[in-house]
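1. Coordinates for the following, if possible.
(one chain, ligands or ions: 1)
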Amino acid sequence: MRAATLDILRCPYCGGRLSLVDSLFYSRHGDELQDGILGCHCCIFPIVDGIPVLHLHPASATARDHVQNGRPDLARRTMFGLGTEADADAFEAVAKSPAATYRQVVEALGPTFEGGYFLYRFSDPTFIVADAVVRAVAGTVMTSNARAIDVCGGSGHLTRSLMSVSSIAPVLADLYFAKVWLARRFTAPGCEPVCCDGNAPLPFVPGAFTLATCVDAFMFIWTKRQLVGELTRLVGGDAGTVLIGHTHNERTWSPSHGQPLPPEGYADLFETVEPRLFGEAHLFEDVVGGGPLDLSRRDSKEDLDRDPALTIIATRHPGVFARHSLPQPNAAVGEFRLNPLYVAEPNGTNVSLRLRFPGDDYEQEYGACRRYLPDEAEIGRSDLDALPTAQVSGSLADLVRKRVVLDLPKHYY
Ligand SMILES: [Zn+2]
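-> A predicted model of the protein is given here:
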């Protein structure tokens with residue numbers, strides 16, 4: 001972690017400033033703190049492999065002891081939750097290779113790590129809506145010296161969207177060490193990962209951010225009122241904006257239902273600024289239709305009640321609730337590659353592409369992707385051979401528009 005990030009961190013429990021305890025074991029490379037112990041008024045927390053672990057769950061306490069004993073390697077194993085010596089050795093063997101991919105590292109974390117479908121995240125229906133909303137809102141409220149935070153951001157797929165709109169690295173906060181570690185290495189390189197608990201006060205200074213997002217996670221938070229209070233506390237200035245994307249609706253069942261609230265229950269969580277709620281079905285139509293994304297719309301109570309998922313935006317910035325065009329980039333942030341949902345088969349001078357889901361439960365939860373992912377597509381052999389590439393034009397740009405070819409992080413699969 002960057003030493004300067006300590007300026008925006010605070011203890012989640014006493015609110016005190018955190019500083020490196022230099023009488024205990026630590027290692028740093030220039031401005032980067034690699035391993036060590038952070039202390040406040042009330043307790044101490046470990047930095048493990050450059051990531052501050054600001055909660056007191058059992059693994060954190062064990063990792064802290066390992067760091068104090070000068071064994072950061074054991075602290076890292078503890079935070080990855082690798083149960084046996086053999087699992088840990090197998091993981092380290094994969095992770096230490098500079099050529100290792102996101103997919104290989106996720107597989108090395110074992111079947112208990114919920115990474116299975118994250119490989120396909122960049123084209124799933126939930127993501128394409130959230131990505132469009134995050135880019136539209138961030139593009140409106142973020143200025144060059146503004147900072148964003150992605151709370152419960154998992155392995156950083158939407159943190160990556162935030163990175164394209166701010167010059168200051170966004171913070172990615174999540175309870176799971178392995179996820180934020182993956183994000184820093186693969187999905188959103190350059191982000192500032194922080195391991196913390198969304199069911200506890202968030203470990204940051206008031207007003208440290210202009211935009212706070214929490215996408216596809218809020219229905220799993222029990223202390224919803226506290227988290228909204230915290231997200232609201234974290235954002236400052238006239239542009240301060242809270243965006244809760246893809247949270248489930250208590251009135252309409254959906255897979256991975258969680259503990260959702262009804263629409264008015266979500267609205268009631270906001271005590272200082274009135275939020276606007278959107279049903280995701282309309283936003284999805286906007287995105288599939290190529291835009292614009294209409295955040296000026298007012299969904300009826302009936303539309304909100306029957307939508308399985310809601311997007312909630314709380315802001316005083318007048319530019320947010322407007323129609324936003326959806327740009328079609330021809331240059332990759334990472335590299336353009338074939339969507340991993342497609343299987344390629346040679347067909348003369350072309351290659352036939354066939355959509356194949358990784359499992360029935362994927363199709364049950366994300367089958368709406370059939371609205372924009374064609375069952376079959378053709379790609380010229382020379383176009384396929386040109387992948388990965390940083391720029392697209394012509395027929396390749398058309399396949400990018402159809403999401404058959406995606407802008408993926410480097411070393412993704
Ligand atoms: Zn404290």
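2. Can you show me the helices along the stretch 301-413 of the chain?
-> In chain order, the stretch 301-413 of the chain shows helices spanning 301-306, 360-366, 381-385, 394-401, with DSSP state H, counting those that start in this stretch as the criterion.
3. Check the stretch 151-300 of the chain too.
-> Secondary structure of the stretch 151-300 of the chain, counting by DSSP H, counting those that start in this stretch: helices at 157-163, 177-182, 224-234, 263-268, 280-288.
4. Which one of these lies nearest to the ion?
-> helix 224-234 (15.8 Å; C-beta to the ion). Every C-beta, even on glycine, is put in place using the N, C-alpha and C of the backbone.
5. count of neighbours near residue 346?
-> Summarising burial for residue 346: neighbours were counted as other C-beta atoms under 10 Å, giving 10.
6. so what's it up against?
-> 352, 381 (C-beta atoms under 8 Å, 6 or more residues apart in numbering).
7. isn't residue 413 right next to residue 100, touching?
-> No - with contacts defined as C-beta atoms under 8 Å, residue 413 does not count as touching residue 100, sitting 11.1 Å away.
8. Pull the number of nearby residues for residue 325.
-> If we define neighbours as other C-beta under 10 Å, then residue 325 has 11 of them.
9. and the residue of the stretch 101-250 of the chain found nearest the ion, how far is that from residue 123?
-> Across the stretch 101-250 of the chain, no residue is closer to the ion than residue 203, which sits at 9.2 Å (C-beta to the ion). Residue 203 sits 33 Å away from residue 123 when distances are taken as C-beta to C-beta, to the nearest Å.
10. If you count surrounding residues, which of the two has more?
-> Set side by side, residue 203 and residue 123 show more neighbours around residue 203, with 25 against 20, by other C-beta under 10 Å.
11. In a markdown table: the helices of the stretch 301-413 of the chain, plus mean pLDDT and distance to residue 285.
-> As requested, those are arranged in a markdown table below (pLDDT from 0 to 100; distance: least, C-beta to C-beta, whole Å):
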| stretch | mean pLDDT | distance to residue 285 |
| --- | --- | --- |
| helix 301-306 | 97 | 12 |
| helix 360-366 | 89 | 17 |
| helix 381-385 | 92 | 30 |
| helix 394-401 | 93 | 17 |
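12. Turn the ones you listed into CSV, including mean neighbour count and distance to the ion.
-> Shown next, in CSV, are these (neighbours: other C-beta atoms under 10 Å; distance: least, C-beta to the ion, whole Å):
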stretch, mean neighbour count, distance to the ion
helix 301-306, 14, 40
helix 360-366, 14, 40
helix 381-385, 13, 55
helix 394-401, 16, 48
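13. Any chance of those in a markdown table with distance to residue 258 as columns?
-> Converted to a markdown table, these look like this (distance: least, C-beta to C-beta, whole Å):
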| stretch | distance to residue 258 |
| --- | --- |
| helix 301-306 | 17 |
| helix 360-366 | 13 |
| helix 381-385 | 40 |
| helix 394-401 | 33 |
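14. Those helices: which one's closest to residue 49?
-> Ranking the helices of the stretch 301-413 of the chain by their distance to residue 49 (criterion: C-beta to C-beta) puts helix 360-366 first, at 31.2 Å.
15. which residues pair with residue 28 across the strands?
-> Residue 28 has the following beta-bridge partners by DSSP bridges: residue 33.
16. give me the number of residues near whatever residue of the stretch 51-200 of the chain ends up closest to the ion?
-> Closest to the ion within the stretch 51-200 of the chain is residue 54: 9.4 Å, counting by C-beta to the ion. A count of neighbours around residue 54, defined by other C-beta under 10 Å, yields 27.
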